[in-house]
Every structure is written in C-alpha cells, then in structure tokens.
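Asker: Sequence and computational prediction follow.
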Amino acid sequence: MAAPADTTRRPDASRRARRAERAPSGGWRTIAAKELADHLESVRFVVLLVVVGIAAIVPMYFTSTAITDSAPQLAGQPALFLWLFARGSQDVGGITTIAFAALFVPLVGVAFGFDAVNSERSQGTLSRLLAQPIHRDDVVNGKFAAGIAVIALMLTALVALITALGIVRLGIIPTPEELARVVAWLLATILYAGFWLSFAVLLSVVIRGAASAALVGFGTWLGLTLFGAFLLPLVANTLFPPDTTDADAFFASTSAQQLFLRISPATLYQDVVTALMNPEANTILGFGNLGQYVSAQEQSRSLLTLDQSILLVWPQIVALVALTVLVFALAYVLFLRQEVRA
C-alpha cells in the first residue's frame, strides 16, 4: 500500500519544485524601482524639470499679470482661474500654458524612453539582467512603469506649483469644479506623455543604437509639431476634397477630413484639452489672446459641467488610450521575440 502513496506524492513534489523554480511575479517592480531611482538621480531629470518648468511658468506669469490689469473688465467671469492655463498674454505672443505643455510633453516622453532597452544591450547588461530570476517581459514592463512614474511626478509637481503661484498672484481661490478640471487636464497630459513614452520604448527595442533612437524620436516629435499642423490638413483635403455644390457631400467630406486628422495623437490631445479647460459651450474666443477679449455682454455663454466635457471628448480619450496600448503592445511583442546574446 506504500507504493501508490509514493506515486501520488511524487507528482505533487515535482509540481511544487517546478513552482518554486518559477520566476517571481513581481520582478517588474524591482526593475521599476531601480529605474525610477536612476531617473531621479540623473542630470536628464533635472534639465527637463527646469526646461518644462520655465516653459510653463513664464506664460502663466504674463497671463496672471494681464488678468490682474484687466480685473475691472473681467469681474464676474466664469471659470476665471482656468484662464491661467487656457489664455495667453500678448507679451508672450498669445502662447498659453497648455500650449507649452503640448509642445514639451512629447519631449519628456521620448527623453525617458529612447534608451530603455538599447542602452542595456549596448552595455552588455541585458543578458545578465535576463539571467536573473525574473520574467523576460518584466524588463520592458518595469522600464515603462518607471518612465511613466517619473513623468507623472514631474508633471504633478509643476501643475501644483503653477496652481499655487496662480492663487498667490491672482488672489482667487479656485472652485472645486476648476480644480477638478485641472486634475483632469493633468491626467490627460500624463496619458499623452505615456503615448510618447511607449513610442520611445518601441524605438529602443527596434533600433540598436541609443543615439539613433533619440534622433528618430525627436525627429518624429519635431515633424508632428512643426509640420503636422500644416501637412495633415493638406493631405486630408487631397484625399477628401470638399464638394461645395452639394451640401450633403460637403458635410461628408468635411467629416472625413476631421476623422482623418484624428490619427495624430497631438490632435486628439488638443481636443481633450480644449474640452477640459474651456467649460464654455458657446464662445467666440476659444484659446485666444487676452488682448482679443470680448466682454461678457457680447457673448452668450453656457457652461458645461466636467462630466459633460468628458463625454464630449470621450471618443478622443479612448482613441488616445488605444494608440498608447497599441504602440506599447508592439514594443512588448517585439522585445519578447528578439534574440539576446551574451
């Protein structure tokens, strides 16, 4: 009777032994913690923090000055605190804080991801890293988690600083609705940075040299920023020429052009920011210049609530999330399929 008992215990013992040999499931946390510490101690983090901080604080300073100078005309304006982020002063060419964020956030995302994998490969440490008791996908997961964590920390600190300085300079206490919109804008900005981070991680997997990956990443950022706003509408107009003779055809072509323009993550982000930081349903200003202000008596305003603004751009939010997941999934799969040699 002892033999059957031994045969039943042996498979259990072998299964327990196999489970004990498996890599721990939290390996990505260890890699993320190590990468996060390296990011926070790097010169790259300090330089980017200073650059983005100056780029965000300068327009806020001039905008708050313009609002203070125009206080009698702006008395009673709804969501006035949001003007710190959404309006621009003539002293800085009408550029807003959120416009600077849209310009520099991709730079931050690319900077923290272009050398995520290829630097380990060039230094010869990738094979030793994979020899540790961790899953292979923990490497790319941990590096992405560390990158998005340091970006979120940087952006949260900057937004909190801008909000505090704005309260001090204007002497206006923002309402809970306005603070909620600022937080929603912060989350949308982190999501936008996550797309560029995932794109940079993809470049670090595909391109072996860190310098080449950085060149491609920054070149793509500059291309979309400088030329995308001009080239994409031209391409959309060529693919879907408007027919002014037929109202239905004109509407269909215009809708197709707008849908085509949404392939750009920058356009999606701009749509989300516009809805979140501008609660006015009817306005003739949009994100214009304070020098072009038109008094409230000449405008018909109907403020949207935050949930209504989110519903207004929910398709754009979903599309931005889908693009981020798609790019990261591509980097994930390619990294798992790559051969790593010692």
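Answerer: Right, received. Where do you want to start?

Asker: For the rest of this, base every contact and every neighbour count on C-alpha atoms.
Answerer: OK.

Asker: Just list what the longest helix along the chain packs against, helices and strands only.
Answerer: In the chain, assigned by DSSP state H, the helix with the most residues is helix 137-170. On a contact count with 3 or more CA pairs under 8 Å, 6 or more residues apart in numbering; DSSP states H and E, helix 137-170 meets helix 27-40, helix 43-69, helix 97-111, helix 176-206, helix 314-337.

Asker: Which elements pack onto the shortest one?
Answerer: Going back to what we said before, that points to helix 27-40. Under the contact criterion of 3+ CA pairs under 8 Å, 6+ apart, helix 27-40 touches helix 137-170.

Asker: And the helix it packs on, what's buried?
Answerer: Within helix 137-170, the residues scored as buried using 16 or more other CA atoms under 10 Å are 138-152, 154-156, 158-159, 162-163, 165-167, 170.

Asker: Taking helix 27-40 as reference, get the angle to that helix.
Answerer: Relative orientation of helix 137-170 and helix 27-40, computed by axes from the mean of the first three to the mean of the last three CA atoms, to 10 degrees: 50 degrees.

Asker: contacting residues for the closest residue to M60 other than its chain neighbours?
Answerer: Nearest non-adjacent residue to M60, counting by CA to CA, 6 or more residues apart in numbering: L84, 5.6 Å away. By CA atoms under 8 Å, 6 or more residues apart in numbering, the contact set of L84 is 60, 63-64, 97, 166.

Asker: so where does L84 fall, helix or strand?
Answerer: helix 83-86 (DSSP states H and E).

Asker: how about that helix as PDB, C-alpha atoms only?
Answerer: Provided in PDB are the C-alpha atoms of helix 83-86 (Å, rounded to 0.1, in the frame of the first residue of the first chain):
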ATOM      1  CA  TRP A  83      -7.600  81.400 -17.800                       C
ATOM      2  CA  LEU A  84      -4.200  80.900 -16.200                       C
ATOM      3  CA  PHE A  85      -3.800  77.800 -18.200                       C
ATOM      4  CA  ALA A  86      -6.000  78.400 -21.300                       C
END
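
Asker: mind checking how far that helix is from the chain centre?
Answerer: Mean-position distance between helix 83-86 and its chain equals 19 Å (CA atoms, centre = their mean, to the nearest Å).

Asker: ok, now stretch 33-51?
Answerer: 18 Å.

Asker: May I have the distance across it, first residue to last?
Answerer: Taking CA to CA, to the nearest Å, stretch 33-51 runs 25 Å from one end to the other.

Asker: which parts of it are buried?
Answerer: 33, 35-36, 39, 45, 48-49.

Asker: And for stretch 183-199?
Answerer: For stretch 183-199, by 16+ other CA under 10 Å, it's 183-186, 188-199.

Asker: Quick one: mean pLDDT over that stretch.
Answerer: Mean per-residue pLDDT for stretch 183-199: 94.

Asker: give the contact list for D271.
Answerer: D271 sits in contact with 313, 316, where contact means CA under 8 Å, 6+ apart.

Asker: Report pLDDT for it.
Answerer: D271 carries a pLDDT value of 85.

Asker: From I310, how far off is it?
Answerer: From D271 to I310 the distance is 11 Å (CA to CA).

Asker: Report the set of residues contacting both of the two.
Answerer: With CA under 8 Å, 6+ apart, D271 and I310 have no common neighbours.

Asker: which of the contacts of L84 are buried?
Answerer: For those, buried by 16+ other CA under 10 Å: 60, 63-64, 97, 166.

Asker: just curious, which of the residues you listed is nearest to R121?
Answerer: T97 (38.3 Å; CA to CA).

Asker: Just the residues contacting stretch 145-162, thanks.
Answerer: Contacts of stretch 145-162 (CA under 8 Å, 6+ apart): 32-33, 35-36, 39-40, 49, 53, 56-57, 60, 108-109, 112-113, 186, 190, 193-194, 197.
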